[in-house]
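Enquirer: return a 3D structure for these sequence lines:
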Amino acid sequence: MDRAAEGRSVAGLPALLRLDPRDRPRKPKKSGRQPLCHAADPALRKQFERDWREFLKAYRAASIAYRAGDFTVEFPDGSFRPPLVTMYTASAL
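Expert: Take a look at the predicted model:
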């Protein structure tokens, strides 16, 4: 919409200079849980959620096998192998 048609004006330079950058909003917006996918079509959103769950299931299974020592396991497309953490302990002298 056009600002003039709505009757709104733009804040001028003197008004901007009077602002304190440390001020907080009078009515802060409440943030909630964000959707996994911003699809307009509910069917596409459901399909994306199903595909995401299948991807996570395949990644978790591959990750468990990889960390157990199977270094030839295939990970799903678009994912990376998890880091291998090696523990070194000092020997008792």
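Enquirer: show me where the protein dips below the pLDDT cut-off.
Expert: Low-confidence segments of the chain, defined by pLDDT under 70: 1, 91-93.
Enquirer: same thing but at 80, please
Expert: Per-residue confidence for the chain (pLDDT under 80) gives these ranges: 1, 3-4, 85-93.
Enquirer: and the helices in it?
Expert: For the chain, applying DSSP state H gives helices covering 3-6, 13-18, 42-67.
Enquirer: winner for burial among those helices?
Expert: Burial of the helices of the chain is given as mean neighbour count (mean count of other CB atoms under 10 Å); helix 42-67 ranks first at a mean of 13. (Glycine included, C-beta is placed from N, CA and C.)
Enquirer: hang on, the earlier thing: need the helices of the chain in a markdown table (columns: distance to Pro28).
Expert: Conversion of the helices of the chain to a markdown table gives the following (distance: least, CB to CB, whole Å):
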| stretch | distance to Pro28 |
| --- | --- |
| helix 3-6 | 24 |
| helix 13-18 | 21 |
| helix 42-67 | 28 |
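Enquirer: surely Phe75 touches Phe55?
Expert: No. Taking CB atoms under 8 Å as the definition, Phe75 is not a contact partner of Phe55, at 10.3 Å.
Enquirer: about what we covered before: wait, which of the helices of the chain is closest to Phe80?
Expert: Closest to Phe80 of the helices of the chain is helix 42-67 (CB to CB; 9.6 Å).
Enquirer: could you report the separation of Leu84 from Asp23?
Expert: For Leu84, the distance to Asp23 (CB to CB, to the nearest Å) stands at 49 Å.
Enquirer: also Cys37?
Expert: Distance from Cys37 to Asp23, by CB to CB: 35 Å.
Enquirer: the more surrounded of those two?
Expert: Between Cys37 and Asp23, counted using other CB atoms under 10 Å, the more crowded position is Cys37 (12 against 7).
Enquirer: so who does the more buried one touch?
Expert: Cys37 is in contact with Leu44, Arg45, Phe48, Glu49, Trp52, counting by CB atoms under 8 Å, 6 or more residues apart in numbering.
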